[in-house]
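[1] All I have is the shape, not the residue letters:
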């Protein structure tokens, strides 16, 4: 059993698998939905800000990710959650990802276990 204080405080974690998802596609779809609201008169152009765009993205009901782990040796986001990853900690590892290596990383950065409330 892990005794780190961060494990005691955080009782829940959200795991999101984004399959067949593209960040460019998501931003374009959100922009189209906003444009339709402007065209219909439901939204004024001057009212469009980061919050409005964020509410129209596919994952708008979820908090921003605290941590992205990418295995396979690539060190890029590759069109993945482009809007959502703005303040996310990123770990790039060769495969296979060793659980012991990951725990060392977490112990060095306990703030990663603070999950923002939605």
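    Arrived safely, thanks for sending. Every value quoted in this text rests on a predicted model; they were computed, and no experiment measured them.
[2] Check what pLDDT residue 64 gets.
    Note on residue 64: pLDDT of 82.
[3] Validate this expectation: it resides in a helix.
    No. Counting by DSSP: H, G, I helix; E, B strand; the rest coil, residue 64 is not found in a helix; it is coil.
[4] ok, the nearest residue to residue 27 once chain neighbours are set aside - contacts?
    The shortest distance from residue 27 to any non-neighbouring residue, by CB to CB, 6 or more residues apart in numbering, is to residue 83 (6.2 Å). The way it works is simple: take the backbone N, C-alpha and C, and place the C-beta from them, glycine included. If you count contacts by CB atoms under 8 Å, 6 or more residues apart in numbering, residue 83 has them with 23, 26, 27, 53, 54, 57.
[5] what's whichever strand or helix holds residue 26 packed up against?
    Using DSSP states H and E, residue 26 sits within helix 23-40. Using 3 or more CB pairs under 8 Å, 6 or more residues apart in numbering; DSSP states H and E as the contact test, the elements touching helix 23-40 are helix 50-55.
[6] Could I get the average pLDDT for the helix it packs on?
    The average pLDDT within helix 50-55 is 96.
[7] Each with direction, which strands does the next helix or strand after it pair with?
    For helix 50-55, the following helix or strand on the C-terminal side (DSSP H and E) is strand 67-71. Applying DSSP bridges to the sheet, strand 67-71 is found paired with strand 89-93 (parallel).
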